[in-house]
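# Have a look at this fold, sequence not included:
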């Protein structure tokens with residue numbers, strides 16, 4: 001007599017990493033990551049509003065010299081991503097990230113002691129190198145800690161937490177700006193330093209798997225694969241082009257509002273607040289359907305089209321009445337937010353999905369360095385296009401975004417055909 005095999009139980013669906021629209025994490029490790037992310041972002045939110053004024057008003061440096069120094073420091077920071085990622089592949093995420101964040105705290109304390117341009121420049125270079133290098137290691141840590149199916153949603157939640165933390169920190173920074181005293185500025189910088197150190201210590205409280213060396217015997221040919229992986233570099237470049245959008249709000253739009261429109265000057269602040277709120281509300285939702293490479297390609301293609309549309313809407317605000325200009329700027333900002341959350345979700349998926357898991361640190365270092373390079377180039381690009389040439393400049397930016405979005409699909413297919421794709 002034959003017996004039929006036992007019925008196979010249906011596979012339970014993977015539970016969502018968050019609930020209530022991404023506001024609350026359901027996975028324990030994501031809760032811990034949320035706490036340290038909130039603390040770190042709060043500290044950075046404190047520092048950003050006061051940093052330049054501290055150097056110019058109380059250290060006695062000129063605005064031009066501070067700008068040049070920070071640019072030089074940014075170049076060093078840009079170069080730090082790959083070596084830091086390689087170090088985390090070799091010695092583990094947790095010890096390397098802990099060391100980098102403690103170093104950031106020390107660098108911030110040193111800012112309160114500088115008394116010359118040379119000491120400012122040295123401190124700025126050290127801080128930028130450690131801070132920028134830590135970003136790729138942090139992203140590789142997420143790959144170690146979060147299961148593959150929860151990474152994108154988890155990253156979306158952590159981005160929301162970052163926005164909240166920086167927003168609250170920025171509010172306290174605004175109070176220090178109002179008081180305008182050296183003691184107040186110094187206190188905020190020291191609180192940011194303490195936040196970095198506390199965040200570093202919290203890294204060690206993550207589950208035991210976090211920060212392990214991904215593969216103890218990583219072959220030599222895999223250790224630096226990311227810097228020779230042409231398909232991955234192509235995707236990194238295209239993602240960086242789409243990431244130029246952040247300069248639209250931070251640099252381009254305030255200048256455009258002041259020089260080319262009749263909108264109230266406070267419109268720039270309104271747009272920034274609107275961006276923060278909408279990103280917090282929409283980022284987790286934007287990850288639905290973007291958990292795999294085909295979904296990511298589609299999201300980034302849509303992002304490019306939406307960015308072009310937002311550029312066209314911003315251009316239309318010139319020559320209108322104050323109310324009309326305000327309306328177009330707000331509508332354009334909403335369209336830009338939709339593009340932003342799609343680009344972020346798609347970028348996380350391709351950044352992890354195309355990486356060699358044996359060298360995740362180097363891959364995330366390369367990918368993050370691409371976005372850092374875009375941040376450095378974006379202000380100049382936006383000013384020489386939209387701000388200088390008006391509608392024609394906005395059209396050029398829009399075309400660039402469309403081409404980048406459409407190019408992601410062929411680049412991803414190239415990576416998969418070339419055998420470079422490493423599925424998690």
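Arrived safely. Since the structure is predicted, the reported quantities are computational estimates derived from the model, not experimental observations.

# Verify the stated contact: residue 48 with residue 171.
No: between residue 48 and residue 171 there is no contact under C-beta atoms under 8 Å: 12.0 Å. Using the backbone N, CA and C atoms, a C-beta is placed for each residue, glycine as well.

# Residue 88 and residue 152, how far apart?
With distances taken as C-beta to C-beta, to the nearest Å, residue 88 is found 21 Å from residue 152.

# From residue 201, how far off is residue 68?
Taking C-beta to C-beta, one finds residue 68 at 35 Å from residue 201.

# Also residue 39?
Applying C-beta to C-beta, the value for residue 39 to residue 201 is 10 Å.

# and residue 114, what are its phi and psi?
Residue 114 adopts backbone torsions of phi -70, psi 150, taken as degrees, to the nearest 10.

# Please apply the same query to the one 10 residues further on.
Backbone torsions for residue 124, taken as degrees, to the nearest 10, come to phi -60, psi -40.

# Run through the residues that contact it.
Applying C-beta atoms under 8 Å, 6 or more residues apart in numbering, one finds that residue 124 lies in contact with 69-70, 72-73.

# give me that answer again for 10 Å
51, 55, 66, 69-74, 76-77, 107, 110-111, 114 (C-beta atoms under 10 Å, 6 or more residues apart in numbering).

# With residue 336 instead?
Counted by C-beta under 10 Å, 6+ apart, residue 336 has contacts 245-246, 248-249, 253, 271, 274-275, 278, 303, 306-307, 309-311, 313-314.

# all helices of the stretch 201-350 of the chain, in order?
For the stretch 201-350 of the chain, the helices defined by DSSP state H, counting those that start in this stretch occupy 220-223, 230-242, 245-247, 253-260, 267-286, 293-316, 322-353.

# Could you say which one of those helices comes nearest to residue 123?
The minimum distance between residue 123 and the helices of the stretch 201-350 of the chain falls on helix 245-247, with 25.7 Å, by C-beta to C-beta.

# Touching that closest one from outside, list them.
Residues contacting helix 245-247 (C-beta under 10 Å, 6+ apart): 252-253, 275, 303-304, 306-307, 310-311, 336-337, 339-340, 343, 371, 374-383, 386, 397, 401.

# how about low-confidence regions in this structure?
In the predicted model, the chain carries pLDDT under 70 at residues 1-26, 207-224, 226, 418-424.

# Could I get the full set of strands for it?
Secondary structure of the chain (DSSP state E): strands at 18-19, 24-25.

# Please check the contacts of helix 245-247 and keep the buried ones.
252-253, 275, 303-304, 306-307, 310-311, 336-337, 339-340, 343, 371, 374-375, 378-379, 381-383, 386, 397, 401 (16 or more other C-beta atoms under 10 Å).
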